[in-house]
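> Sequence plus predicted model, see below.
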Amino acid sequence: MDKNAKEKLNTQPYKGARDFYPEDMKIRNFIFENWRKVCKSYGYEEYDGPFLESFDLYAAKSGEELVNEQLYSFVDRGKRKVAIRPEMTPTLARMIAKKINEIVKPVRWFSIANFWRYEKPQRGRGREFFQLNADIFGFEGIEADFEIISLMADLMKAFNAREGMFEIRINNRKLIDDFYKTLNLNESQKKIVNKAIDKRQKISKQEFEEWLKDEAKLDKKQLEKLVNFIEDPYPTLEELLKENSTGALEIKNILKLIENYQLNNLVKFSPSVIRGLDYYTGMVFEIFDLNPKNIRAIAGGGRYDDLVNLFCEEKLTGTGFAMGDITLQDFLQTWNLLPKFENDCEYLVTLWPSQNPKFLEKTLEISSILRDKGKNVSTWVEKNTKIDKQLKYADKKGFKYVVIFGENEMKKNTVTIKNMLTKTQSEVEIKNI
């Protein structure tokens, strides 16, 4: 190698980030379009916020693991500590609080935005990702939580997902707190138990129980009661209902709504759904992929009653969820639910291999006529290229039609339109194209 030759730059993107080639953009746009369509069908309005926020916004409520281990943060040139957004809910709460007296309530908003978290890249998880967020503010009853669950179900149906492919699992943080009281757990133990339950799907039962014994210091009786509750929550639910547990009552009422609206085949009460973020105060929910190759949560959320109160005195309850594009794409690919994408550009207008400048003029004119009629048109502009090569290009790119303006067509002021699907062709006057 020539010592004076410059070393070439690496073609790989930053670890955990992605390049979106045109074929990747088709999948991304397909996901975004369905997200938008379903959210708008429920009356949700689209919003967005800044890519950078104050570090304090996340330190206040987002949870220790996210802030201490996953946050991309730095001090800017103005000596302010800032962070790249790892989630949208704190930004949303800030925006609502800023105009709390101007915004018409209740609020139904959604966003599709880009986020960053410093995590170990693996299947279903990158450092950079897109996420749908949908939230309601201003409804205190569990009817708002039910609407979010219904929205989650309809989103999955929009991608042709069916019963047996996924499951929406729900729980209630108030119910969990009331249950922990029966175990006499202190605050430190609660945090460890919550973390262990949140990770339970990814570890063995033995590892889970050892974690609770060694780290949370649960005795045999506490451990047995906890494991029984996770495996069959209904006896404990009945006990807590007798003790007037608010969380138990909310679970009972929302399960009744779910049954009345025939969603019980898709929704399951599961105490293993904890959600790691500190701001959840009531109902929590997750969508689980049931494919053995990809058992994991692909969306999650819950109710947060105190987040807006960080910014202003007025109390405004919120509930919502988020769905990431990476986990959803894995779900769609695993279940073979991604459609075959066609070329968005329908027409290729060829350029006749000739030195006569009239051919280029007419090629550009024909392309313009088609675009004026609302068609997507790609124009061949390289001179002296054989028509066969242009046709092979059109076939590989998936154009539906090829428009040929050659020597015979010039004499009659016509074009030949070749249908690439049926392999038929017809001649049309340019004025009638």
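Done, it's in. Bear in mind the structure is a predicted one, so any value in this text is a computation, not a measurement. Numbering: from 1, shown residues only.
> contacts and neighbour counts: CA atoms only from here.
Noted.
> Tell me where the stretch 251-400 of the chain has strands.
Under the criterion DSSP state E, counting those that start in this stretch, the stretch 251-400 of the chain carries strands at the ranges 267-269, 283-289, 296-304, 318-324, 347-349, 377-379.
> Turn the ones you listed into a markdown table, columns for mean pLDDT.
Shown next, in a markdown table, are the strands of the stretch 251-400 of the chain (pLDDT from 0 to 100):
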| stretch | mean pLDDT |
| --- | --- |
| strand 267-269 | 95 |
| strand 283-289 | 95 |
| strand 296-304 | 91 |
| strand 318-324 | 94 |
| strand 347-349 | 97 |
| strand 377-379 | 97 |
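> In a markdown table: those strands, plus distance to residue 214 and mean neighbour count.
Output for the strands of the stretch 251-400 of the chain, formatted as a markdown table (distance: least, C-alpha to C-alpha, whole Å; neighbours: other C-alpha atoms under 10 Å):
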| stretch | distance to residue 214 | mean neighbour count |
| --- | --- | --- |
| strand 267-269 | 28 | 20 |
| strand 283-289 | 27 | 25 |
| strand 296-304 | 26 | 24 |
| strand 318-324 | 33 | 25 |
| strand 347-349 | 67 | 25 |
| strand 377-379 | 66 | 19 |
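> Ranking helices and strands of this structure by mean pLDDT, which lands last?
Every helix and strand of the chain was ranked by mean pLDDT, DSSP states H and E. The lowest is helix 64-65, at a mean of 71.
> Now the element after that helix, going C-ward?
strand 73-75 (DSSP states H and E).
> Report the distance from that following strand to the chain centre.
Centroid separation for strand 73-75 versus its chain: 26 Å, with C-alpha atoms, centre = their mean, to the nearest Å.
> in its sheet, what does that strand sit against?
Take DSSP bridges as the rule and strand 73-75 pairs in its sheet with strand 81-84 (antiparallel).
> just the strands in the stretch 101-250 of the chain please.
107-116, 128-137, 166-172.
> Which one, of those, ends up nearest to residue 156?
Residue 156 lies closest to strand 166-172 among the strands of the stretch 101-250 of the chain, at 8.3 Å (C-alpha to C-alpha).
> Just want the angle from that closest one to strand 296-304.
Orientation of strand 166-172 against strand 296-304 (axes from the mean of the first three to the mean of the last three C-alpha atoms, to 10 degrees) gives an angle of 30 degrees.
> ok, what's across the strand from residue 304?
Residues in beta-bridge contact with residue 304 (DSSP bridges): residue 318.
> can you tell me how far it sits from residue 269?
Residue 304 sits 19 Å away from residue 269, going by C-alpha to C-alpha, to the nearest Å.
> got it, and residue 12?
43 Å.
> before we move on, the earlier item: can you tell which of the strands of the stretch 251-400 of the chain is closest to residue 425?
strand 347-349 (13.5 Å).
> Tell me the helices and strands packed up against the closest one.
Under the contact criterion of 3 or more C-alpha pairs under 8 Å, 6 or more residues apart in numbering; DSSP states H and E, strand 347-349 touches helix 357-372, strand 377-379, strand 401-404.
> Kindly reformat the ones you listed as CSV containing distance to residue 186.
As requested, the helices and strands packed on strand 347-349 are exported to CSV (distance: least, C-alpha to C-alpha, whole Å):
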stretch, distance to residue 186
helix 357-372, 69
strand 377-379, 67
strand 401-404, 70
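> Most tightly packed of these?
Ranked by mean neighbour count, the helices and strands packed on strand 347-349 are led by strand 401-404 with a mean of 23 (mean count of other C-alpha atoms under 10 Å).
> Pick out the residue closest to the middle of the chain.
residue 324 (2.9 Å; C-alpha atoms, centre = their mean).
> For residue 179, list the residues it contacts.
Going by C-alpha atoms under 8 Å, 6 or more residues apart in numbering, residue 179 touches residue 240.
> I'd like the distance between residue 17 and residue 115.
Computed as C-alpha to C-alpha, the residue 17 to residue 115 distance reads 10 Å.
> which intervals of this structure have sub-threshold pLDDT?
1-5, 61-63, 276-278 (pLDDT under 70).
> what's the distance between residue 306 and residue 175?
18 Å.
> I should have written residue 286 there, sorry.
According to C-alpha to C-alpha, residue 286 and residue 175 sit 17 Å apart.
> Output the longest helix belonging to the protein.
Of all segments of type helix in the chain, defined using DSSP state H, the longest is helix 22-41.
> Run through who's touching it.
Around helix 22-41, the neighbours that count as contacts under C-alpha under 8 Å, 6+ apart are 45, 110, 112, 132, 134, 151, 154-155, 158-159, 325, 338, 341.
> If we only consider those, which is nearest to residue 101?
Proximity of those to residue 101 (C-alpha to C-alpha) peaks at residue 45, which lies at 18.2 Å.
> List the residues that contact the closest one.
Counted by C-alpha under 8 Å, 6+ apart, residue 45 has contacts 39, 108, 109, 110.
> For it, what are phi and psi?
phi -100, psi 140 (degrees, to the nearest 10).
> repeat for the one 4 residues further on
Backbone torsions for residue 49, taken as degrees, to the nearest 10, come to phi -140, psi -180.
> how many neighbours does it have?
As a burial measure, residue 49 scores 14 neighbours (other C-alpha atoms under 10 Å).
> so what's the closest residue to it other than its chain neighbours up against?
Nearest non-adjacent residue to residue 49, counting by C-alpha to C-alpha, 6 or more residues apart in numbering: residue 91, 6.7 Å away. When contacts are counted by C-alpha under 8 Å, 6+ apart, residue 91 touches 49, 53, 57.
> which among those gets closest to residue 145?
Within the contacts of residue 91, the smallest distance to residue 145 is 23.8 Å, found for residue 49 (C-alpha to C-alpha).
> Good, we can wrap up now.
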